[in-house]
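> Based on what follows, work out the 3D shape:
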Amino acid sequence: MSEEPRDAEPRPEAPPADSELAQLNRDYEIIRKNYDQLVARRESAALGVRLDESSAMAEFRIVEPARVANMPVFPGRFVLGLLVLVGSIAAGIGVAYAMSVIRPVIASVRELAEFSKRPVLGSMAIVVTDKARAAARRDLVRVIGAAGALLIGQLAWLLLIVKQAAT
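Here you go, the predicted structure:
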């Protein structure tokens, strides 16, 4: 009794058939992609031909060439310079105020008591030497000199703009 059980069927060789099917599917996808590209090219070429034919009906001529205006529409250079000057001063004041709000400086015992909402038990006086006073004065002169130089430069630029506008 060498009969095979009824459930068991002879098995076909699956791996070669599967690999052949996978190869056929890959080939089909490549051919399909090439076909789609060729159809798209044909359609774009046909559209280009139609555009060429329809553009022959429309003819464009330049009636009057464009001209550059002698003066700007808005704002003029002088007005722009004044706006920049005022804006830069306002921005400096605004940044200084923002810094004082973000990082407050306490200068007196009363301010410290108000800020901390606690009583102040004692304080120390600052002893400023002549050397420290001279260094602070030197720093102040440098800051005022730099701000003055920037202001003079801005005003000189504004005068140059006025002079060029008058010419």
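
> mind listing the helices for the protein?
14-55, 77-102, 109-116, 130-166 (DSSP state H).

> and Ala66, which of those is closest to it?
Judged by Cβ to Cβ, the one of those that comes nearest to Ala66 is helix 77-102, at 22.2 Å. Every C-beta, even on glycine, is put in place using the N, C-alpha and C of the backbone.

> worst-scoring helix or strand of this protein, pLDDT-wise?
helix 14-55 (a mean of 83; mean pLDDT, DSSP states H and E).

> quick one: low-confidence ranges for the chain?
Applying pLDDT under 70 to the chain flags residues 1-14, 51-60, 72.

> again, 50 this time
Applying pLDDT under 50 to the chain flags residues 1.

> Identify the residue nearest the geometric centre of this protein.
In the chain, the centroid-proximal residue (Cα atoms, centre = their mean) is Ala91; its distance is 20.9 Å.

> so how far is Leu80 from that residue?
As judged by Cβ to Cβ, to the nearest Å, Ala91 and Leu80 stand 16 Å apart.

> Alpha carbons only: can I get stretch 94-104 in CSV?
The C-alpha trace of stretch 94-104 is given here as CSV (Å, rounded to 0.1, in the frame of the first residue of the first chain):
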residue,chain,number,x,y,z
GLY,A,94,12.1,101.7,23.0
VAL,A,95,14.9,99.2,23.5
ALA,A,96,16.2,101.1,26.5
TYR,A,97,12.7,101.1,28.1
ALA,A,98,12.2,97.4,27.3
MET,A,99,15.5,96.5,29.0
SER,A,100,14.5,98.5,32.1
VAL,A,101,11.2,96.6,32.2
ILE,A,102,12.8,93.2,31.7
ARG,A,103,15.7,93.7,34.0
PRO,A,104,14.8,96.5,36.5
